[in-house]
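**Q** Pasting a predicted model and its sequence here:
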Amino acid sequence: MQAIQEILAVHILIIIIVLLALAYVVNQAMQKDKSGHAAPALQNIPHDAAQQSRLDNAAPGTAVAFISEGKLFYRAAHGQVRQLHSPYVQEMLDKMEKHRERNAWKQNTSFGVSASGAMRQFNGEGAHINATAMQFDEQGRILYFLQDSGMGGLFSYELETGVERRILHRQNLALTDMNLDQASGRLLASSMNKGGIANLVMLNREGDDYRELTGGDTLDTSPCWIPDAEKQILYQSTGIARNQSGITLAFGNASIQMLDMKTGSVSPVLDDPTYDYLHPRVCPQGNLHFIRRPYEVPRYETSNALLDVLLFPFRLLRALFHYLNFFSMMYSRKPLTSASGPALNADLKEIILKGKRIDAEKALQKENMINGVPSLVPASWQLVSRNRQGHETVLATNVVSYDMRADGSIIYSNGRGVFLLGNGRQSSLILKSELVADVIAQ
């Protein structure tokens, strides 16, 4: 009898293992299908040694700025990377520190209990002041938006003197995605609100003439001016799906729209349910540039519920591992595993790039290298140029952010490096950093 029970237990164990393996295979297949259409296959282009030499000579003389973890960094031509320290940010941090010291005695006492019974926070932990967008102007300054939990504003920083000027500063102002028209001094931006929507606004570089351009329950971001079309702008727009209670359920694919500011009319430029079209820009020749990536279709079906049940043991073990790994990182600053791949700051394990959560550790081990620099996003994130006849050319892959100089030359980032782009998808390294979330060229 005992032998029969043992044989039965072995058979049950085998069945469970087979079911789990099957569930894993099905789940992997569904994950691949969920990502929508794969990026089009790219044609191999012969390497041009002469062009590479020109790029390698030009890259050190390219001045750039970038945002990393909400901080501003600048690299002058033939210079070193340095952080631009905002006097305003330092002033606010000093105030928070003094407030924390003044109220430290109240913590964990009856004075620290609010009327609702919750503990008041006096230490200022979790308060962050982040740079959200930036642009060079022709006067040797960087214009940038700063934002914390309650205030936001437009600031300028003189690169030679380090003098900062507070141009616009008020409550509940959350601006990002700045685009400056040097000739008129007008700024386009995206204004975020607590309802989870983003609309386009326009103001001048002195902070005046603030005007809302779009409305509605959408995410309107990344606006840009169109050369020789003063009253028309391009921008990226994403629809929001909500339930009857107004809670966000999912986001649609990102499309590129054109707004006529004179008439208020909006017309689609690029919209495909299988792709996201991001960060439109128009070069001096009139070609439209953008980042294209596969749209990840949100779905939850009955089959997913079955997979959740079957994969529960795996996920439980995975959660246990990450729990133990967290304490290992907290106390020893070393993970439980020593996986191969580039070293990664413990604070950069998971990041948000262009609205997508990125497992940085996995990406650095899996994705392509660009000029020896590992990428944080897949090769399917492509920088594309589209001419007036509709012909598209892929200029670069693994693209997180890019910017276009007045002469039409392009710099871009793969999340860990900044590169000067040439023809035929060739590029040269300008700089490397732990994280490059957004980049601009001077």
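**A** Perfect, thanks for sending it.

**Q** partners of the helix or strand harbouring T132 in the sheet?
**A** Taking DSSP states H and E as the definition, T132 sits inside strand 130-136. Using DSSP bridges, strand 130-136 pairs in its sheet with strand 141-147 (antiparallel).

**Q** So this protein: which segments form each domain?
**A** Per automatic domain parsing, the structural domains of the chain span 2-34+302-338, 50-100+121-299+349-441.

**Q** ok, P46 touching Q426?
**A** No: with contacts counted by Cβ atoms under 8 Å, P46 stays clear of Q426, the gap being 10.1 Å. For glycine as for every other residue, the C-beta is placed from the backbone atoms N, C-alpha and C.

**Q** Of those two, which one has the most company?
**A** The residue with more neighbours, out of P46 and Q426, is Q426; 19 against 6, by other Cβ atoms under 10 Å.

**Q** where are the low-confidence patches of the stretch 51-200 of the chain?
**A** 99, 103-127 (pLDDT under 70).

**Q** now the strands for it?
**A** Here the stretch 51-200 of the chain has its strands, by DSSP state E, counting those that start in this stretch, at 64-68, 71-75, 81-83, 130-136, 141-147, 151-158, 164-171, 175-181, 186-192, 198-204.

**Q** Which of those strands sits closest to L383?
**A** Nearest to L383 among the strands of the stretch 51-200 of the chain is strand 64-68; the distance by Cβ to Cβ comes to 16.1 Å.

**Q** angle of that closest one against strand 151-158?
**A** 150 degrees (axes from the mean of the first three to the mean of the last three Cα atoms, to 10 degrees).

**Q** contact partners of strand 64-68?
**A** Applying Cβ atoms under 8 Å, 6 or more residues apart in numbering, the contact partners of strand 64-68 are 72-75, 84, 131-134, 136, 142, 403, 411, 413, 418, 430-431, 433-442.

**Q** 10 Å instead, please
**A** Contact partners of strand 64-68, identified using Cβ atoms under 10 Å, 6 or more residues apart in numbering, comprise 72-77, 81, 83-84, 130-136, 142, 144, 157, 159, 348, 401, 403, 411, 413, 418, 420, 430-431, 433-442.

**Q** Report how many residues lie close to the closest residue to E212 other than its chain neighbours.
**A** For E212, ignoring the flanking residues on the chain, the nearest one in space by Cβ to Cβ, 6 or more residues apart in numbering is V201 at 5.4 Å. Neighbour count of V201, defined by other Cβ under 10 Å: 19.

**Q** repeat for N44
**A** Here the count is done by other Cβ under 10 Å, and N44 has 8 residues near it.

**Q** would it count as being in a helix?
**A** No: secondary structure of N44 (DSSP: H, G, I helix; E, B strand; the rest coil): coil, not part of a helix.

**Q** where does A174 fall, phi/psi-wise?
**A** As for A174, its main-chain torsions (degrees, to the nearest 10) stand at phi -130, psi 90.
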